[in-house]
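Enquirer: Generate a structure from the sequence data that follows.
(2 chains)
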Amino acid sequence: MRQWRIIAKEAMTRASIIGKFLCLLHVTDAYVLSSNHVLGPSMLPTLNITGDVVLVEHLSHRLGKLGSGDLVLVRSPLDPKKTLTKRIVAMEGDKVTFSLDSTRSHNSRSLVVPKGHVWIQGDNLYVSRDSRHFGPLPYGLIEGKVFMRVSNVNANSIAFGFVPQNEFNHIYWN
Amino acid sequence: MGTPSILWSITKKCFTVGVITLTVSDLFASIVPVRGASMSPTFNPKTNSLFDSLSDDRVLVEKLCLRNYKFSHGDVIVFSSPNNHKEKHVKRIVGLPGDWVGTIYDVVHIPEGHCWVEGDNSASSLDSRSFGPVPLGLVKGRVTHVLWPPHRVGTVDRKTSQNRVSSSSSASKF
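Expert: A predicted model of the protein is given here:
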């Protein structure tokens, strides 16, 4: 009888250590730092089409320290189960000029980003579905800021470095 | 000699309890006070009894629904305000993606990934009639029970209004 009690106590101790570790893992992943696998063509040439592993920090957006030019991970307004990686182009109160069809820049529209929203666009304007299609994004959908990339581009090199936080550039082709 | 180690063990215990509480309230359920009368008489009915006018209702918000984002008409949800991500609102879901909801002036189509919310107390409720459909990604949980005051403890039922919503899920047999 006494042996079972000792075994049960040992099992409880081990389970509680594992439980505490999983809780700490969740808190770090959601509130401090996490790694995410992002893929798709909408952020070329900044991010690869076949996928990158990026480090995302979850502190800046809670402190309100995001600005235009930041790469962010957001929850898609069209499907809450998907997350998108896009760049913030304009914050609330800024005026945005955009055209839905990048090849014809003469039919452009302008609007002011409303309060509590941001305007996001992918770096690859031709294939990205972003605020030009679904409108300004509520700030509450932002989940974190991408600040570093750790990925294996090919077998011979590892691309490891800070992701460029540049201002939005128009790319003109003629 | 003994005091620093006592302080350290108290700090460790507080940190552990904090991390566990945060994880449980993020992933399973949390208790939330409801302010305002926009959901009368479901919450804060403001009758003349002493209990009701003393303090706000406290409700149980479950977070398990955030795994699949599957909601039903009539669910009461907690969501971040689209205009100010720091504020949270408690309202009832009236329309789901694909539905047509009738307001006073026109009929609105709910786009994919969004929902239409309204307070039970239509006269004094700031809801989708002012700020439009709410992206489901902003939803932070579903209210299942009222926990305070004691004489109104119980489940929060679904209440649907058939005459104002034409939903795509209830396919018409005409």
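
Enquirer: Just the pLDDT at the residue nearest the centre of chain A, thanks.
Expert: Against the mean C-alpha coordinate of chain A, by CA atoms, centre = their mean, the closest residue is A:L73 at 1.4 Å. Reading off the per-residue confidence, A:L73 sits at a pLDDT of 94.

Enquirer: following the longest helix along chain B, which helix or strand shows up next?
Expert: Among all segments of chain B classified by DSSP state H, the helix with the greatest residue count is helix B:2-27. Toward the C-terminus, helix B:2-27 is succeeded by strand B:29-34 as the next helix or strand (DSSP states H and E).

Enquirer: residues contacting the closest residue to A:D94 other than its chain neighbours?
Expert: Excluding the flanking residues, the one nearest A:D94 by CB to CB, 6 or more residues apart in numbering or on different chains is A:V113, at 5.4 Å. Using the backbone N, CA and C atoms, a C-beta is placed for each residue, glycine as well. Taking CB atoms under 8 Å, 6 or more residues apart in numbering or on different chains as the definition of contact, the neighbours of A:V113 are A:90-96, A:119, A:136.

Enquirer: how far away is A:V113 from chain B?
Expert: 12 Å (CB to the nearest CB, to the nearest Å).

Enquirer: sorry, back to before: any idea what the residue nearest to the centre of chain A is bridged to?
Expert: A:T85, A:G144 (DSSP bridges).

Enquirer: before we move on, back to that, check which residues of the longest helix of chain B are buried.
Expert: Taking 16 or more other CB atoms under 10 Å in any protein chain shown as the basis for neighbour counts, the residues of helix B:2-27 that come out buried are B:19-20, B:22-23, B:26.

Enquirer: With stretch A:54-73 instead?
Expert: Judged by neighbour count using 16+ other CB under 10 Å, the buried positions of stretch A:54-73 are A:54-58, A:60-61, A:66, A:68, A:70-73.

Enquirer: what's next to that stretch, contact-wise?
Expert: Contact partners of stretch A:54-73, identified using CB under 8 Å, 6+ apart, comprise A:30-36, A:38, A:43, A:46-47, A:83-91, A:94, A:118, A:120, A:139, A:142-151, A:163, A:165-168.

Enquirer: what about the closest residue to B:N84 other than its chain neighbours, how many neighbours?
Expert: Take B:N84 and drop its neighbours on the chain: the residue closest to it by CB to CB, 6+ apart is A:G116, 5.1 Å away. Using other CB atoms under 10 Å in any protein chain shown, A:G116 has 20 other residues around it.

Enquirer: longest single helix anywhere in chain A?
Expert: In chain A, ranked by residue count with DSSP H as the criterion, the top helix is helix A:2-31.

Enquirer: ok and that helix relative to helix B:2-27, angle-wise?
Expert: With axes from the mean of the first three to the mean of the last three CA atoms, to 10 degrees applied, the angle from helix A:2-31 to helix B:2-27 works out at 70 degrees.

Enquirer: packing partners for helix A:2-31?
Expert: With contacts defined as 3 or more CB pairs under 8 Å, 6 or more residues apart in numbering or on different chains; DSSP states H and E, helix A:2-31 has these neighbours: helix B:2-27.

Enquirer: Could you list every helix and strand in contact with the helix it packs on?
Expert: Taking 3+ CB pairs under 8 Å, 6+ apart as the contact cut, helix B:2-27 packs with helix A:2-31.

Enquirer: Let me know the next secondary structure element after the helix it packs on.
Expert: Counting by DSSP H and E, the next helix or strand C-terminal to helix A:2-31 is strand A:33-38.

Enquirer: And chain B, is that following strand touching that?
Expert: No: using CB under 8 Å from any CB of the partner chain, strand A:33-38 stays clear of chain B, with a minimum separation of 13.7 Å.

Enquirer: how big is the angle separating the following helix or strand past that strand from strand A:33-38?
Expert: Counting by DSSP H and E, the element after strand A:33-38 in chain order, helix or strand, is strand A:52-57. Between the direction of strand A:52-57 and that of strand A:33-38, the angle (the same axes, to 10 degrees) works out to 150 degrees.

Enquirer: How much space separates B:V139 from A:S16?
Expert: Applying CB to CB, to the nearest Å, the value for B:V139 to A:S16 is 32 Å.

Enquirer: sorry, back to before: among the contacts of A:V113, the buried ones, what's the PyMOL command?
Expert: When burial is assessed using 16+ other CB under 10 Å, the buried subset of the contacts of A:V113 is captured in PyMOL by this command:
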select buried, chain A and resi 90+96+119+136
